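Trainee: Here is the input, now give the coordinates:
(chains A and B)
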There are 2 protein chains.
Amino acid sequence: HDKTAETQQGVASYYSDRFQGRTTASGEPFDQQALTAAHPTLPFGTKVVVTREDNGREVEVLINDRGPYAKGRIIDLSKRAAKALGMLKRGTVPVEISFVR
Amino acid sequence: HDKTAETQQGVASYYSDRFQGRTTASGEPFDQQALTAAHPTLPFGTKVVVTREDNGREVEVLINDRGPYAKGRIIDLSKRAAKALGMLKRGTVPVEISFVR
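Mentor: Residues are numbered from 1 along each chain as shown, chains lettered A, B, ... in the order given. Below is the predicted model of the structure:
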C-alpha cells in the first residue's frame, strides 16, 4: 500500500552565510546552493515539499541537518531553497511542509 | 597622547544557537554565554561598547569573529550580549558601537 504524506504548519527561516561549508548534523558540509534543510526530527535524506501558505510557492528539499533553534520555527532552508520561495528579503514565512516517512 | 574612540552606527543582530561550540574566525570556539561579537574588520581582541540607540542600554564585548553576513548589519552579538541589551525577542536593534583601535 502507498504511504500517506504527513504535513506540519509553522514558520520557515533560512541559514546565515556564516554556516557555509560547515559540517551539518548529517556529516555533510553545508551548501547554501544545494536544496537542503534542517528539521528537528525527520531522518536525514527525507524529501520535504515546502509550500508558502501566503502565496502557494513551493520547493522540494532534502533534510541533512538538525534545527531550527529559534522558537516557532519548523524548518531552516538553504539560501537556494529560500530564494525559490522568494523569502530572502522577508527572512521568515509561514509554510506547510509535506513528507512521507 | 590618548587615542580617540571611533564610532559606527547600524543594526546589531545575534548568533543562532546553531553556531554554539563552532570555531570562530579567530580560532576560539564560539560561546553564546561569553561577551563576544563578530565585526567585519576590527582586530580580534578589540573591546567594543555597543549601545542601543533606542533606549541607551549598553554592553561591552570582545571581537573574536568575522561577520555579520546580512545586509545593513554592523555587528553580530553572542546571546549573552544580546540579552544584556534586551534584544532577544526583537532580534535586531539599531546600535552605535564605540571602540579604540
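Trainee: and chain A, which of its residues are near chain B?
Mentor: Chain A comes close to chain B at residues A:15-19, A:22, A:38, A:67, A:69-70, A:76, as judged by CB under 8 Å from any CB of the partner chain. Glycine gets a C-beta too; all of them are placed from N, C-alpha and C.
Trainee: what's the most distant pair in these?
Mentor: Farthest-apart pair in the residues of chain A next to chain B is A:Arg22 and A:Ala70; separation 17.9 Å (CB to CB).
Trainee: Below-threshold pLDDT in chain A: ranges please.
Mentor: Filtered on pLDDT under 70, chain A yields the residue ranges A:1-2.
Trainee: Run a quick check on A:Asp31 versus A:Asp17, I expect a contact.
Mentor: No: counting by CB atoms under 8 Å, A:Asp17 is not a contact partner of A:Asp31; they are 11.4 Å apart.
Trainee: More neighbours: those two, which one.
Mentor: A:Asp31 (17 against 12; other CB atoms under 10 Å in any protein chain shown).
Trainee: Can you list phi and psi of that one for me?
Mentor: Taking degrees, to the nearest 10, you get phi -130, psi 110 for the backbone angles of A:Asp31.
Trainee: what separates it from B:Arg52, distance-wise?
Mentor: As judged by CB to CB, to the nearest Å, A:Asp31 and B:Arg52 stand 35 Å apart.
Trainee: which residues does A:Tyr14 contact?
Mentor: A:76-79, A:81-82, A:87-88, A:91 (CB atoms under 8 Å, 6 or more residues apart in numbering or on different chains).
Trainee: cutoff 6 Å now
Mentor: Going by CB atoms under 6 Å, 6 or more residues apart in numbering or on different chains, A:Tyr14 touches A:77, A:79, A:82.
Trainee: same check, this time on A:Lys89
Mentor: By CB under 6 Å, 6+ apart, the contact set of A:Lys89 is empty.
Trainee: Check whether it sits in a helix, strand or coil.
Mentor: Judged by DSSP: H, G, I helix; E, B strand; the rest coil, the three-state class of A:Lys89 is coil.
Trainee: That one and A:Ala82: what is the separation?
Mentor: As judged by CB to CB, A:Lys89 and A:Ala82 stand 10 Å apart.
Trainee: for A:Gly72, same thing?
Mentor: For A:Gly72 relative to A:Ala82 (CB to CB), the value is 17 Å.
Trainee: the more surrounded of these two?
Mentor: Legend: neighbour count by other CB under 10 Å for A:Gly72 and A:Ala82, higher for A:Ala82 (25 against 9).
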